[in-house]
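*Asks:* the following block contains a protein sequence and its predicted model.
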Amino acid sequence: MFRLFFMMPIMICIYEIISMIFPLKISIWLKLLLSLILFAGIGKMFLYRFTSSGFDIYELPHALALILSGIFSFIICAVFMLLLKDAIFIIWKIFTHSQFPGHYASLTVLIIALLSTIYGVYQGVRVPDVVIHDVKIPGLGEELDGLKVAMLVDIHASDLNRREFVSSVVEKVNALEPDLILIPGDFVDGSVKARYTDLEPISQLKAKYGVLGVTGNHEYYFDLQGWLKTIKDFGVRFLDNEHVEIASGDAKLIIAGVLDPTSGNHDTKLALEGVDEKMPVILMDHQPRFARENSKYNIALQVSGHTHGGQMPIISTFIKKANKGFVRGWYDVDGMKLYVSPGTSQWNGFIIRIFDNSEISLFVLRQ
């Protein structure tokens, strides 16, 4: 698996040099320069170092991280267009005897991929908008009708998503004056030493009923115990296969959370142990792929992230398949509502969003 992690970008890069760069009618020196730029884009992959518990990454200055991640995103955008171009080339050769306009075809791919990347990177790194969702929760008491629940997920504080970004997100959330804040995983990418200052603004999150979270898969890649302690110090209460009760007058609401499957201890049954079946339940589960299993329990709403909404066409199809049909938005899963957030940000390797804006979610609970 790790070998494939490294080899696939190299093979894609070589393919793009052959199919996109060399057909261009430009000097050999410019072709070599463009080729080196592509290899620089995949170079960030080689900054990852694998450990027994996951992986870590050597820290980069913000500007350099943005440039390299942007080039890598361009490589991903271009490969799909080149496959289409080369399919057209094969058909052209079969049915015509004229020369294929390789230069113009490659130049077209390069320009479209470049413009798509610029747009996608802008959408990927900007502070997300607030999206409000009215949600009917069966059994919700009158005193909790209108409860405002803000959700952040996939914050991914990193050498790309620095303190300024996280602070801006926190300011937007606090401006909503939420009653409760949920963070279902993927807080950070990097060591506690490197990323402490970048994630620290979440300590300023304010809500009447506090801030609740669960682990995402990325928490298990970067000093899990160190980050759990640090994030708890920032004021986030983790629900590790457990639940808490939110009450106002006679109205009660259960908020449950499960450990990410990466832990090897994802247990919804344990998280809901002792909960009255008549009580309305909201479940935080970082990955949406267990929604059908979770729907067997008395859960009104499951909130998840992890997929980043698919990020762009074609790739979203693969992400949807990997997550058992769930990629973004609302689903009815055997009577249980599931909301898969596109995420507040994204992993700092592949950063573009095309037709897939990030968001800060605000759920207004209704009877």
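*Replies:* Structure's in. What do you need?
*Asks:* just the terminal-to-terminal distance for stretch 134-146.
*Replies:* 9 Å (C-alpha to C-alpha, to the nearest Å).
*Asks:* can you check the pLDDT for the residue of the chain most remote from its centre?
*Replies:* Note on the chain: the largest C-alpha distance from the chain mean falls to His97, namely 47.0 Å (C-alpha atoms, centre = their mean). At His97 the predicted local distance difference test score is 83.
*Asks:* any idea how far Val188 is from Val166?
*Replies:* 10 Å (C-beta to C-beta, to the nearest Å). From N, CA and C alone the C-beta is placed, and that goes for glycine too.
*Asks:* picking that back up, may I have the secondary structure class of the residue farthest from the centre of the chain?
*Replies:* coil (DSSP: H, G, I helix; E, B strand; the rest coil).
*Asks:* ditto for Val303
*Replies:* Assigned by three-state DSSP, the conformation of Val303 is strand.
*Asks:* right, and it touches Val135 too?
*Replies:* No: if you go by C-beta atoms under 8 Å, Val303 and Val135 don't touch, sitting 9.8 Å apart.
*Asks:* more neighbours: which of those two?
*Replies:* Neighbours were counted for Val303 and for Val135 using other C-beta atoms under 10 Å; Val303 has more, 26 against 18.
*Asks:* just to revisit the earlier point, which neighbours do Val303 and Val135 share?
*Replies:* Tyr339, Phe363 (C-beta atoms under 8 Å, 6 or more residues apart in numbering).
*Asks:* which residues does the residue most central in space within the chain contact?
*Replies:* Taking C-alpha atoms, centre = their mean, the centroid of the chain lies closest to His308, which sits 3.3 Å from it. Taking C-beta under 8 Å, 6+ apart, we find His308 in contact with Asp154, Ile319, Pro342, Gly343, Gln346, Trp347, Arg353, Asp356, Ser358.
*Asks:* for stretch 26-34, list every residue counted as buried.
*Replies:* Neighbour counts over stretch 26-34 (16 or more other C-beta atoms under 10 Å) mark Leu34 as buried.
*Asks:* so how far is Thr317 from the closest residue to Ser316 other than its chain neighbours?
*Replies:* Computed as C-beta to C-beta, 6 or more residues apart in numbering, the closest residue to Ser316 that is not its neighbour in sequence is Gly310, at 2.4 Å. From Gly310 across to Thr317, the span is 8 Å (C-beta to C-beta).
*Asks:* which ones are touching the closest residue to Lys93 other than its chain neighbours?
*Replies:* In this structure, Lys93 finds its nearest non-sequential neighbour in Phe100, 6.8 Å apart by C-beta to C-beta, 6+ apart. Residues in contact with Phe100 (C-beta under 8 Å, 6+ apart) are Phe89, Trp92, Lys93.
*Asks:* which ones among the residues you listed lie within helices?
*Replies:* Judged by DSSP state H, the subset of the contacts of Phe100 located in helices is Phe89, Trp92, Lys93.
*Asks:* what comes up buried for stretch 276-293?
*Replies:* Residues of stretch 276-293 classed as buried by neighbour count (16+ other C-beta under 10 Å): 279-291.
*Asks:* got the CA positions of that stretch in PDB?
*Replies:* The C-alpha coordinates for stretch 276-293 follow below in PDB (Å, rounded to 0.1, in the frame of the first residue of the first chain):
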ATOM      1  CA  ASP A 276     -34.000   5.100  26.600                       C
ATOM      2  CA  GLU A 277     -35.400   4.100  23.100                       C
ATOM      3  CA  LYS A 278     -37.900   7.000  23.300                       C
ATOM      4  CA  MET A 279     -35.100   9.600  23.600                       C
ATOM      5  CA  PRO A 280     -34.100  11.600  20.500                       C
ATOM      6  CA  VAL A 281     -30.500  10.900  19.600                       C
ATOM      7  CA  ILE A 282     -27.900  12.700  17.400                       C
ATOM      8  CA  LEU A 283     -24.800  10.600  16.600                       C
ATOM      9  CA  MET A 284     -21.400  11.800  15.600                       C
ATOM     10  CA  ASP A 285     -19.600   9.300  13.400                       C
ATOM     11  CA  HIS A 286     -16.600  10.700  11.400                       C
ATOM     12  CA  GLN A 287     -17.000   8.300   8.500                       C
ATOM     13  CA  PRO A 288     -20.500   7.900   7.000                       C
ATOM     14  CA  ARG A 289     -20.000   4.300   5.700                       C
ATOM     15  CA  PHE A 290     -21.500   2.800   8.900                       C
ATOM     16  CA  ALA A 291     -24.800   4.600   8.500                       C
ATOM     17  CA  ARG A 292     -26.800   1.500   7.600                       C
ATOM     18  CA  GLU A 293     -25.500  -0.300  10.600                       C
END
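*Asks:* quick one, what contacts Lys324?
*Replies:* Applying C-beta under 8 Å, 6+ apart, the residues contacting Lys324 are Pro288, Arg289, Ala291, Arg292.
*Asks:* please tell me how far Ala256 sits from Pro184.
*Replies:* Between Ala256 and Pro184 the computed distance is 11 Å (C-beta to C-beta).
*Asks:* looking at those two, which has the bigger crowd around it?
*Replies:* Using other C-beta under 10 Å, the more surrounded residue of Ala256 and Pro184 is Pro184, with 29 against 26.
*Asks:* what's the pLDDT at that one?
*Replies:* 97.
*Asks:* backbone dihedrals for it, please?
*Replies:* When quoted as degrees, to the nearest 10, the phi and psi of Pro184 stand at phi -80, psi 50.
*Asks:* ok, the closest residue to Leu253 other than its chain neighbours - contacts?
*Replies:* Distances taken as C-beta to C-beta, 6+ apart place Ile246 nearest to Leu253, at 4.4 Å, with adjacent residues excluded. By C-beta under 8 Å, 6+ apart, the contact list for Ile246 reads Leu144, Leu147, Leu180, Tyr209, Lys252, Leu253, Ile254, Ile255.
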